[in-house]
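**Student:** let's see this in three dimensions:
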Amino acid sequence: MIGERPSSGADAGADTGEARELARARAGDVAAFGALVRRHQERVFRFLHRMLDAREEAMELSQDVFVKAWQALPGWRPEAAFSTWLLQIARNAALDQLRRRQVVRFAPLEEGLEVADEAPGPEARYASRQRQAQLERALRRLAAEHREILLLREVEGLAYGELASVLGIAEGTVKSRLARARSALLEHFDPHTGASHE
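**Tutor:** Residues are numbered from 1 along each chain as shown. Just a heads-up that it's a prediction; the model follows:
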């Protein structure tokens, strides 16, 4: 609905290279942790940028997330996916930042994540850009808890269990919150016409 989901096979257990890097990093190997940062920095930055709508702030906060992760790595439980754990740290950092600002904003989606349009040509591209802009406006109007769950599910591709872990709520609550978030989005955006209900 909102964009393409990334592949979700990069967590510990699914990737033996990452599993080795995690084990070495937990033992204090800075180079191994650097490899983990390179592997996950794009995803963490992208999530923070969308939550904060401020590139510089997202870059700075991304660094803070990885510093916090390094400091907390000895306490990380391997049964939790490393990427999910990182997104949980990023989410908490973003919410703290939003609270400090006392403003909730939303960053535009990347240009590559356009709403699908079957018709070719400049008119179709223009219509697609218009729908994308209207969707972004609708997302900006959502409460932070609705926006974050939609981003984590639809853009980042997290499963219900991962969402429960990142958000610190029960899986049943994830499903109901996601349904409410989708409903709230539809109050502001008509997916059939692309019209934004201002």
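
**Student:** can you show me the helices along the protein?
**Tutor:** 16-26, 30-52, 55-72, 82-101, 122-140, 144-150, 160-167, 171-188 (DSSP state H).

**Student:** mean pLDDT lowest where, among the ones you listed?
**Tutor:** Lowest mean pLDDT within the helices of the chain: helix 122-140, at a mean of 79.

**Student:** tabulate the helices of the chain (CSV), appending mean neighbour count.
**Tutor:** C-beta: built from backbone N, CA, C; applies to glycine. Listed next are the helices of the chain as CSV, based on neighbours: other CB atoms under 10 Å:
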stretch, mean neighbour count
helix 16-26, 16
helix 30-52, 18
helix 55-72, 16
helix 82-101, 19
helix 122-140, 16
helix 144-150, 20
helix 160-167, 19
helix 171-188, 15
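
**Student:** most distant residue from the middle of this protein?
**Tutor:** Centroid-distance maximum for the chain: G121 at 31.3 Å, with CA atoms, centre = their mean.

**Student:** grab the nearest non-local neighbour of the residue nearest the centre of the chain.
**Tutor:** Nearest to the geometric centre of the chain sits F47, at 3.7 Å (CA atoms, centre = their mean). The spatially closest residue to F47, leaving aside those adjacent along the chain, is A90, at 5.5 Å (CB to CB, 6 or more residues apart in numbering).

**Student:** so the one you found makes contact with L48?
**Tutor:** Yes - using CB atoms under 8 Å, A90 is in contact with L48, at 5.6 Å.

**Student:** find residues that contact each of the two.
**Tutor:** Contact criterion CB atoms under 8 Å, 6 or more residues apart in numbering; residues shared by A90 and L48: L61, S62, V65.

**Student:** so the last one sits against I89, correct?
**Tutor:** Okay, so that is V65. Yes - taking CB under 8 Å as the definition, V65 is a contact partner of I89 at 5.0 Å.

**Student:** any idea how far the residue nearest to F47 is from E123?
**Tutor:** 39 Å (CB to CB, to the nearest Å).

**Student:** ok, A69 next?
**Tutor:** Going from A69 to E123 by CB to CB gives 46 Å.
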